[in-house]
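Trainee: Return atomic coordinates for the entry below.
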Amino acid sequence: MNTAEPAVEAKNLFKVFGRNPQGAVRRLKSGETRAQVTDAGTAAVIDASFTVQPGEIFVIMGLSGSGKSTIIRMLNGLLQPTDGEVIVQGANVTTARPAELRAIRRRSMSMVFQHFALLPHLTVLDNAAYALEIQGVGKTERRERAREILGKVGLGDRTDAMPDELSGGMRQRVGLARALTAGTDILLMDEAFSALDPLIRREMQEQLVELQQELGRTIVFITHDLNEAMFLGDRIAVMRDGRIVQNGTPEEILTDPANDYVAQFVQDVDRARVLTAAAVMEPPYLTVPLSAGVRGALRVLREYQASAVFAVEGLRLVGEVTDRAVIRAAKAGQIDLAAIVEDVPHAVGPDDLLTDIVEYAIGSAHALPVVDGDRRLVGVIPRVTLLAALGNVPATTRETPIIPSTVLEIVDEYDVLEPATSEGGQS
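Mentor: Got it, this is the predicted structure:
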């Protein structure tokens, strides 16, 4: 259970623009819809609540007019909620006086804008250091800190350049560096990558994830792009018409949409970039302990009509044994199963993305084993299950995790499943 104080809390936020905002909120709370209160005002945000944990990337996504950008402006106090509260690292942004609000922003929050917002007369280095200049940090110190961050975002060799000498992607990197240089724990990013070309946008997404993992900042990211939300977000709040209609992990939203709107929204998402092995794996029922020996493996292979079985020691994956190897060993009178165990070509982790394991699945005749950090076998991914997950279709028939086998014919031919009986009736 996470007992850390949330980095950001939004509590029942409403924002109504118009002639009678409070009246509109009262009517919304009583059950009227957004359309019904238009005579009192435009309800941009309706009863929105969520928490953002320290070190998390929390994505708020929705189409134009859904209220996502209004929310982020309430988080940093640029807009005052009509009703509800915003708490940032324990400080109430909603009730803060102007001086207190400025202090909260300097201490806790930095903003990354969609259109870079660089100062054209300052170099890259001085743009990155600008937030520290506002805070009164000395020139040498702020430039040193800015130089370090610019190196992390790949602009260490462009510190003396002017903004108009940079590409769009480079200018957005400067904006990101400026927010990181400020040293605040929380970054608010409003459609920060939407103005970039697709390839540069992907590079920025990947770099943001890497920086967050290295620096541990808390990020609230606004986007209308579902694939971007799925790639970046630890959790995602999906908005529609001012309301949050679902709040969950990317996997939860993709595999268990809250309603038809969300289901339709996610139907074209690149599932391979979102789903992990843990989301699609099946229980590892086709296993045999090493202690069962060759005949134990043969029984499992015959029961499941499989061509191979995973050998385990306790819960730990040791390897796999094939039907033909088992038959040869049984004919030769071998007992020790460990002697015929083969290495598994590819084992994947529970957190591995499907996009990273598809190649292994295509190249493997057998199901992929899923192992944890201690190499314990926690699941298997049959190829048909993987394809069903990528295609967003149910697996209507359960496939044995290993391909069909000739073991039954081989067993019948060589009569090796049961040991021979001596004249005295002892096996």
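
Trainee: can you count the residues close to N227?
Mentor: When neighbours are defined as other CB atoms under 10 Å, N227 has 16 of them. For every residue, glycine as well, the C-beta is placed using N, CA and C.

Trainee: Quickly find the element holding it.
Mentor: helix 226-232 (DSSP states H and E).

Trainee: In its sheet, which strands sit next to the helix or strand following that helix, and in what direction?
Mentor: On the C-terminal side of helix 226-232, the nearest following helix or strand under DSSP H and E is strand 235-240. The pairing partners recorded for strand 235-240 under DSSP bridges are strand 57-61 (parallel), strand 243-248 (antiparallel).

Trainee: List of residues touching the shortest one?
Mentor: This points to strand 57-61. For strand 57-61, the surrounding residues in contact (CB atoms under 8 Å, 6 or more residues apart in numbering) are 8, 50, 52, 68, 71-72, 208-209, 212, 218-226, 228-229, 232-239.

Trainee: One more pass at 7 Å, please.
Mentor: Strand 57-61 is contacted from outside by 52, 68, 71-72, 212, 219-224, 226, 229, 232-239, using CB atoms under 7 Å, 6 or more residues apart in numbering.

Trainee: can you give me the strands in the stretch 151-300 of the chain?
Mentor: Ranges of strands within the stretch 151-300 of the chain are 186-190, 218-223, 235-240, 243-248, 287-289, based on DSSP state E, counting those that start in this stretch.

Trainee: need the helix or strand of this protein with the lowest average pLDDT.
Mentor: helix 407-414 (a mean of 46; mean pLDDT, DSSP states H and E).

Trainee: Look at D197 and say how many residues are nearby.
Mentor: Counted with other CB under 10 Å, residues neighbouring D197 total 12.

Trainee: how close does it sit to S307?
Mentor: Going from D197 to S307 by CB to CB, to the nearest Å gives 48 Å.

Trainee: want to try TSV for the strands of the stretch 151-300 of the chain, with mean pLDDT as columns?
Mentor: Formatted as TSV, these follow (pLDDT from 0 to 100):
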stretch	mean pLDDT
strand 186-190	93
strand 218-223	95
strand 235-240	95
strand 243-248	96
strand 287-289	92
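
Trainee: now those as CSV including mean neighbour count?
Mentor: Below are those laid out as CSV (neighbours: other CB atoms under 10 Å):
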stretch, mean neighbour count
strand 186-190, 23
strand 218-223, 24
strand 235-240, 23
strand 243-248, 19
strand 287-289, 20
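
Trainee: Serialize those strands to JSON lines and add fields for distance to T322.
Mentor: Output for these, formatted as JSON lines (distance: least, CB to CB, whole Å):
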{"stretch": "strand 186-190", "distance to T322": "52"}
{"stretch": "strand 218-223", "distance to T322": "48"}
{"stretch": "strand 235-240", "distance to T322": "43"}
{"stretch": "strand 243-248", "distance to T322": "42"}
{"stretch": "strand 287-289", "distance to T322": "12"}
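
Trainee: what about this protein, any weak spots by pLDDT?
Mentor: The chain contains residues with pLDDT under 70 at 1-3, 392-427.

Trainee: Tell me who's in contact with the residue positioned nearest the centre of it.
Mentor: The residue lying closest to the centre of the chain (CA atoms, centre = their mean) is D234, at 4.8 Å. Contact analysis of D234 by CB under 7 Å, 6+ apart lists E56, I57, F58.

Trainee: for N127, same thing?
Mentor: By CB under 7 Å, 6+ apart, the contact list for N127 reads L118, L119, P163, V174, R178.

Trainee: Was I right to think the fourth one contacts V124?
Mentor: By that I understand V174. Yes - the criterion here is CB atoms under 7 Å, and V174 meets it with V124 at 5.4 Å.

Trainee: what's the overlap in contacts for the two?
Mentor: By the contact definition CB under 7 Å, 6+ apart, V174 and V124 are jointly contacted by L155.

Trainee: what's the lengthiest helix in the chain packed up against?
Mentor: In the chain, with assignment by DSSP state H, the single longest helix is helix 198-215. Helices and strands touching helix 198-215, by 3 or more CB pairs under 7 Å, 6 or more residues apart in numbering; DSSP states H and E, are helix 168-181, helix 226-232.

Trainee: Relative to F17, how far out is the residue nearest to N259 when sequence neighbours are not counted?
Mentor: Counting by CB to CB, 6 or more residues apart in numbering, V245 is the residue found nearest to N259 once chain neighbours are left out, at 6.3 Å. For V245, the distance to F17 equals 21 Å [CB to CB].

Trainee: Tell me how many other residues crowd V8.
Mentor: So V8, with other CB under 10 Å, has 24 neighbours.

Trainee: Next one: the closest residue to it other than its chain neighbours from G31, what distance?
Mentor: Take V8 and drop its neighbours on the chain: the residue closest to it by CB to CB, 6+ apart is V52, 4.0 Å away. Going from V52 to G31 by CB to CB gives 29 Å.

Trainee: swap in R142?
Mentor: Counting by CB to CB, the separation of R142 from G31 is 53 Å.

Trainee: same thing with M230?
Mentor: Taken as CB to CB, the span from M230 to G31 is 33 Å.

Trainee: For V52 and G31, indicate the residue with more neighbours.
Mentor: Neighbour count, other CB under 10 Å: between V52 and G31, V52 has more, with 23 against 7.

Trainee: Can you name the residues that contact V344?
Mentor: L317, G319, E320, P369.

Trainee: Does the third one touch E342 like I think?
Mentor: It refers to E320. Yes - distance between E320 and E342: 5.7 Å, which falls inside the contact criterion (CB under 7 Å).

Trainee: who's more crowded, the two?
Mentor: E320 (23 against 13).

Trainee: Strands of the stretch 301-427 of the chain, start to end?
Mentor: Using DSSP E, counting those that start in this stretch, strands in the stretch 301-427 of the chain cover 308-313, 316-322, 368-371, 377-381.

Trainee: With distance to P98 as added columns, please give these in TSV.
Mentor: Output for these, formatted as TSV (distance: least, CB to CB, whole Å):
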stretch	distance to P98
strand 308-313	65
strand 316-322	61
strand 368-371	54
strand 377-381	54
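
Trainee: Compare the ones you listed and report which one is nearest to T38.
Mentor: Closest to T38 of the strands of the stretch 301-427 of the chain is strand 377-381 (CB to CB; 50.5 Å).

Trainee: now for that closest one, which elements pack on it?
Mentor: With contacts taken as 3+ CB pairs under 7 Å, 6+ apart, strand 377-381 sits against strand 368-371.

Trainee: I appreciate the help and will end here.
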